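*Asks:* for reference, the sequence and a predicted model appear below.
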Amino acid sequence: MVAIFKSRTCCGFIPIKTGVFIITIFGILNKICAPFGLFMLQYVSADALLVYIYTLGALGAFVAGLYGYKKENYKLIQWYTIFYWVDCLVSTATTLMFAIKWFVYTDHSLPSNASDTLTQEDYDAMFRMEGMVSVTILAILRVVHIYFAIVLSIYYRTLSKTQYSKLAAAVDEDLNYTEA
């Protein structure tokens, strides 16, 4: 586990800077779906509407992160890294909320199976299997999201060390210039 925090690569073989770029592009592509969800307002619950609105704001944060990446702007990368961790928590919470809503509180029985108990039992077994596969995939995606947040944090720390060394070099150069 400690090796992950000391690694200078993403996924073991991609340079960390390129990995951050790819992570940011995937984040933008993920968040860009929000405007399309807003078109379906008449079919959306209030909690889904809040998620769509949050996602629009998150899209702006990811674009700002991409700009900070391109310009190697230390402060923007710092805020983007913080936001990415917050987004990771918000995404996990909303995923849990919608998964519980779907798998626990939504009635999935079919009216056509009401009279045939064998067909209903098969359907219930199939739905339980689908639920296990879905929850497994959601858990894997959450772990990947956390890993991407770790990669982004490592990049930020690397950039901050570079920023600090540039500052120290500039101070040393100023001191040497004034002594001469």
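*Replies:* Ah, there it is.
*Asks:* leaving out chain neighbours, which residue sits closest to residue 54?
*Replies:* residue 90 (6.6 Å; Cβ to Cβ, 6 or more residues apart in numbering). C-beta here means a position set from N, CA and C on the backbone, and glycine is covered the same way.
*Asks:* isn't there a strand covering that neighbour?
*Replies:* No - counting by DSSP: H, G, I helix; E, B strand; the rest coil, residue 90 falls outside a strand, being helix.
*Asks:* so where do the strands sit in the protein?
*Replies:* Applying DSSP state E to the chain gives strands spanning 9-10, 14-15.
*Asks:* mind showing which ranges of the protein have poor pLDDT?
*Replies:* Scanning the chain for pLDDT under 70 picks out 1-7, 9-11, 37-44, 107-118, 160-180.
*Asks:* how far away is the residue nearest to residue 54 from residue 99?
*Replies:* For residue 90, the distance to residue 99 (Cβ to Cβ, to the nearest Å) stands at 15 Å.
*Asks:* what does residue 145 give?
*Replies:* Distance of residue 145 to residue 99, given as Cβ to Cβ: 15 Å.
*Asks:* higher neighbour count, these two?
*Replies:* residue 145 (21 against 15; other Cβ atoms under 10 Å).
*Asks:* which ones are touching the residue nearest to the more buried one when sequence neighbours are not counted?
*Replies:* Counting by Cβ to Cβ, 6+ apart, residue 88 is the residue found nearest to residue 145 once chain neighbours are left out, at 5.2 Å. By Cβ atoms under 8 Å, 6 or more residues apart in numbering, the contact list for residue 88 reads 145-146, 149.
*Asks:* nearest to residue 79 among those?
*Replies:* Taking Cβ to Cβ as the measure, residue 79 lies nearest residue 149 of the contacts of residue 88, at 13.9 Å.
*Asks:* sweet, I'm off.
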